[in-house]
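Novice: Only the shape, not the letters, is given here:
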């Protein structure tokens, strides 16, 4: 049995419960059957740290990108496609562009939303140029997210809509554009009916699972720090919703991850 955490932030984990040792977190995940983790970049300042993680652990892949909420500061600059292309090609463990997308939750000004859309376009162009899939975040901006994806031909490269919380119709439209749908620990929440429906009804060969750790810990860890090992709880809930075996969900989501991110099977199972 093999599980993959298709979206986590290893450099942001709370390590206090693991003697401040990432090794123990990684081994805890392995003990739960997790054979690969994709540690996702949300700020270019952290990209060198992710590269070091990938150099240290053979079962970790990484991405490069800037979250739509992040603002440039003294240590970073607004990324353009050329910069993202250079960074993505600088390390063999970089398998994706993102986390990118649109998040209007805290941004209601036209100027702020325009900036997000511009940044998103640059990421899509970098993904197409590098032949690396996109990791897309969308919050209170689903229609604009799909519109930018369509205008920039994101279907040409595809990728994943991560931590998906939109309705089934949005999921199916994204799938029609060559994207996978990733389900997080939110699926274990009792009131997450919309996520439950998506997890039940999308094509099985377009389903991924993730933790988004250290955020959004699933039941029974809700309210506590989240870790890649907890992707097991996501798989268990999805198997319950779809009335399929845990082993079938684990195998299919691992195969989907390999296909989405162009990762060889032997890169998944080696430790």
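Specialist: Structure received. Being a predicted model, the structure only gives us computed values, none of them experimental.
Novice: for the protein, what spans make up the helices?
Specialist: 22-31, 47-56, 81-88, 110-130, 142-151, 168-176, 193-201, 231-242, 246-261, 265-269 (DSSP state H).
Novice: wait, which of those is closest to residue 38?
Specialist: Closest to residue 38 of the helices of the chain is helix 246-261 (CB to CB; 7.0 Å). (Glycine included, C-beta is placed from N, CA and C.)
Novice: least trustworthy helix or strand in this structure by mean pLDDT?
Specialist: Averaged element by element with mean pLDDT, DSSP states H and E, the chain has its least confident helix or strand at helix 265-269 (a mean of 65).
Novice: The longest strand anywhere in the chain pairs with which strands?
Specialist: What stands out as the longest strand in the chain, according to DSSP state E, is strand 94-103. When pairing is defined by DSSP bridges, strand 94-103 lines up against strand 60-64 (parallel), strand 134-139 (parallel).
Novice: Tell me which residues are up against the shortest one.
Specialist: This points to strand 60-64. 10, 26, 36-41, 44, 47, 50-51, 53-54, 84, 87-88, 91, 93-99, 135, 261, 263, 267 (CB atoms under 8 Å, 6 or more residues apart in numbering).
Novice: And for residue 242, the neighbour number?
Specialist: Residue 242 has 17 neighbours, counted by other CB atoms under 10 Å.
Novice: so it sits right up against residue 203, yeah?
Specialist: No - between residue 242 and residue 203 there is no contact under CB atoms under 8 Å: 11.2 Å.
Novice: Can you list the buried residues in stretch 189-205?
Specialist: The neighbour-count check on stretch 189-205 (16 or more other CB atoms under 10 Å) flags 189, 192, 194-196, 198-199, 202 as buried.
Novice: contacting residues around it?
Specialist: Applying CB under 8 Å, 6+ apart, the set of residues contacting stretch 189-205 from outside is 164-168, 171-172, 175, 181, 183, 186-187, 207, 219, 222, 237-238, 241-242, 244, 252, 255-256.
Novice: Please repeat the previous calculation with a cut-off of 6 Å.
Specialist: Contacts with stretch 189-205, where a contact means CB atoms under 6 Å, 6 or more residues apart in numbering, come from 165, 167-168, 171, 181, 183, 186-187, 238, 241-242, 252.
Novice: With stretch 82-94 instead?
Specialist: 51, 54, 61-62, 64, 126, 129-130, 132.
Novice: redo that, cut-off 10 Å
Specialist: For stretch 82-94, the external contacting residues (CB atoms under 10 Å, 6 or more residues apart in numbering) are 38-39, 41, 44, 47-48, 50-55, 57-58, 60-66, 77, 79, 95-98, 100, 122-123, 125-132, 267.
Novice: Pull the most distant pair out of the contacts of stretch 189-205.
Specialist: 167 and 252 (22.7 Å).
Novice: okay, those two: which has more neighbours?
Specialist: Taking other CB under 10 Å, residue 167 and residue 252 do not tie; residue 252 has more neighbours (19 against 14).
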